[in-house]
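J.: Can you look at this prediction? I've put the sequence above it.
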Amino acid sequence: MSFDKKYVVWALGYLAAGICLGIFMAATHNHGQFPTHAHINLIGFLLSFGYGIIHKLWLGQPNPTLAKIQFIVHQAATVTIIAGLFLLYGNFVPEAQLDPILGIAAISVLASALLMLYMVLKTNTVKT
Ligand code: HEM
Ligand code: HEM
């Protein structure tokens, strides 16, 4: 599967999960997980969808190894952040234990964004 399609498939998966959590919060009148919901939708859906569009429109033939690393780092970091925020805002695990994991995952989200920037800058091909 091409990277643009992989990203869109993951994006829509996050969207479904994020909306489920949104509906759950609305139905239970317990909005305690709203930062988790917001970041499933924003880091998960929005960023993945954006990266899919960038692959489709701007990256002609990206270096396959770089593209693979960028994809894996973004998805691994996103899933870690979502799990970490869920455990944090559900009061399942103390903040002190989650902080280092969330910190590494947050820096990884940044690293994958910078890697995408690098790939865009390195691309000369204009897709039509
Ligand atoms: C049927 C779909 C959805 C439902 C039922 C839903 C429900 C909710 C609820 C109950 C809250 C908590 C509000 C609060 O306590 O302040 C919330 C917050 C939020 N939602 Fe959703 N949501 C849905 C879809 C989405 C989507 C698609 C996105 C983004 C692409 C999104 C982004 C956010 C954000 C950013 C917040 C935090 C807003 C703030 O800072 O107060 N939601 N949502
Ligand atoms: C790894 C990257 C990110 C980190 C570490 C991060 C961290 C945070 C933190 C600590 C908050 C305050 C949560 C609270 O209310 O207690 C927050 C809120 C928010 N962030 Fe992020 N964020 C990240 C990425 C993003 C992205 C990519 C977007 C949008 C595309 C975004 C949109 C928002 C919004 C709308 C809020 C307000 C809703 C809320 O409080 O949950 N964030 N973020």
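T.: Received the coordinates, thanks. Numbering: from 1, shown residues only. Ligands and ions are numbered 1, 2, ... in the order given.
J.: And the longest helix along the chain, what does it pack against?
T.: Using DSSP state H to define each element, the chain has its longest helix at helix 95-122. Contact here means 3 or more C-beta pairs under 8 Å, 6 or more residues apart in numbering; DSSP states H and E; on that basis helix 95-122 packs against helix 48-57, helix 64-89. The C-beta positions use only the backbone N, C-alpha and C, and glycine is treated the same way.
J.: just so I know, which of the ones you listed lies nearest ligand 2?
T.: Between ligand 2 and the helices and strands packed on helix 95-122, the shortest gap by C-beta to the nearest ligand atom is with helix 64-89, which sits at 6.0 Å.
J.: What count of nearby residues applies to whichever residue of the chain sits closest to ligand 1?
T.: Relative to ligand 1, the nearest point of the chain is Gly22 (2.5 Å; C-beta to the nearest ligand atom). Neighbour count for Gly22, taken as other C-beta atoms under 10 Å: 17.
J.: measure it to Leu42 for me?
T.: As judged by C-beta to C-beta, to the nearest Å, Gly22 and Leu42 stand 12 Å apart.
J.: Flag the shaky bits of this structure, pLDDT-wise.
T.: In the predicted model, the chain carries pLDDT under 70 at residues 125-128.
J.: Near ligand 2, which residues of it are found?
T.: Neighbours of ligand 2 within the chain, by C-beta under 6 Å from any ligand atom: 34-35, 38-39, 42-43, 46-47, 106, 109.
J.: Selection in ChimeraX covering whichever of the residues you listed are buried, please.
T.: Applying 16 or more other C-beta atoms under 10 Å to the residues of the chain next to ligand 2, the buried members can be selected in ChimeraX as follows:
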select :39,43,46,47,109
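J.: Helices - which of the residues of the chain next to ligand 2 land there?
T.: 34-35, 38-39, 106, 109.
J.: and those near ligand 1, which?
T.: Okay, of those touching ligand 1 (C-beta under 6 Å from any ligand atom), that's 34, 38.
J.: farthest-separated two in the ones in helices among the residues of the chain next to ligand 2?
T.: Within those, two members stand farthest from each other by C-beta to C-beta: Phe34 and Val109, at 19.1 Å.
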